[in-house]
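Asker: Quick one, fold the following:
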Amino acid sequence: MSDELDLIDAAKAGSVVAFTELVHDYRERLLRFLLTRCASFADAEDALQDTLINAYRYLHSYDSRWRFSTWLYRIAIRNAANLQADAGESPDELQDTEADPLLLCIALSERENLWVSARRVLRKEVYAAMWLRYVEDMSINDVAAVLDRSVSWTKVNLLRARKQLDAELARTEKESKAYG
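Answerer: Presented below is the predicted three-dimensional model:
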């Protein structure tokens, strides 16, 4: 952690090399996270680019009392939301797969994947909480900070999401046995 703080101090002093080294390990993780929040890979890449630019631009406002990753993910969430707002998209909009049989087949085969199911059944913000907690291994406090929510909200919504996913997986398993 002290290495990270040293890089932050150097980047604040104007070192582009230090900033590049600082965000290097976060790039891939941020992109994976943004893919869950954006409509396309290109949008996720745009949001990542905006996140890194904003992080560099506003690095002077970073407070070392918080984890750097929390601050960075908060910027990423805002950039993804701004992209959706610019595109006029509804954040919880679900795609209609019933119109195209191929898309329906793809959707049925992907239901076996927990994260695909989670993305389909959970609200975007709750999905983000699940992703940050279980994929990015962030603490409850960090997840709450990234999402700008209370710790209580985070705990309650993670619990509800786990129950909702459990019910969805049970329903999907029951359906597959019925058709199998």
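Asker: CA atoms for contacts and neighbours, from now on please.
Answerer: OK.
Asker: which residues does the residue nearest to the spatial centre of the chain contact?
Answerer: Nearest to the mean C-alpha position of the chain, counting by CA atoms, centre = their mean, stands F33 at 3.6 Å. Counting by CA atoms under 8 Å, 6 or more residues apart in numbering, F33 touches 128, 131.
Asker: Test my guess that L165 contacts S117.
Answerer: Yes. Using CA atoms under 8 Å, L165 is in contact with S117, at 7.4 Å.
Asker: Could you measure from the residue nearest to the centre of the chain over to Q164?
Answerer: Relative to Q164, F33 is positioned 21 Å away (CA to CA, to the nearest Å).
Asker: Using CSV, write out every CA atom in the helix or strand hosting A76.
Answerer: Counting by DSSP states H and E, the element that carries A76 is helix 68-87. What follows is helix 68-87, C-alpha atoms only, in CSV (Å, rounded to 0.1, in the frame of the first residue of the first chain):
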residue,chain,number,x,y,z
PHE,A,68,-7.4,4.5,-4.3
SER,A,69,-9.4,1.7,-5.9
THR,A,70,-12.6,3.0,-4.3
TRP,A,71,-12.0,6.5,-5.6
LEU,A,72,-11.2,5.1,-9.1
TYR,A,73,-14.3,2.9,-9.3
ARG,A,74,-16.5,5.8,-8.2
ILE,A,75,-15.2,7.8,-11.2
ALA,A,76,-15.8,4.8,-13.5
ILE,A,77,-19.4,4.5,-12.3
ARG,A,78,-20.1,8.2,-13.0
ASN,A,79,-18.5,8.0,-16.4
ALA,A,80,-20.6,4.9,-17.3
ALA,A,81,-23.8,6.7,-16.1
ASN,A,82,-22.8,9.8,-18.2
LEU,A,83,-22.4,7.7,-21.3
GLN,A,84,-25.8,6.1,-20.8
ALA,A,85,-27.4,9.5,-20.2
ASP,A,86,-25.7,10.9,-23.4
ALA,A,87,-27.1,7.9,-25.3
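Asker: I'd like to know which elements that helix is packed against.
Answerer: Here helix 68-87 touches helix 16-35, helix 41-57, helix 140-147, going by 3 or more CA pairs under 8 Å, 6 or more residues apart in numbering; DSSP states H and E.
Asker: No further queries at this time; thank you.
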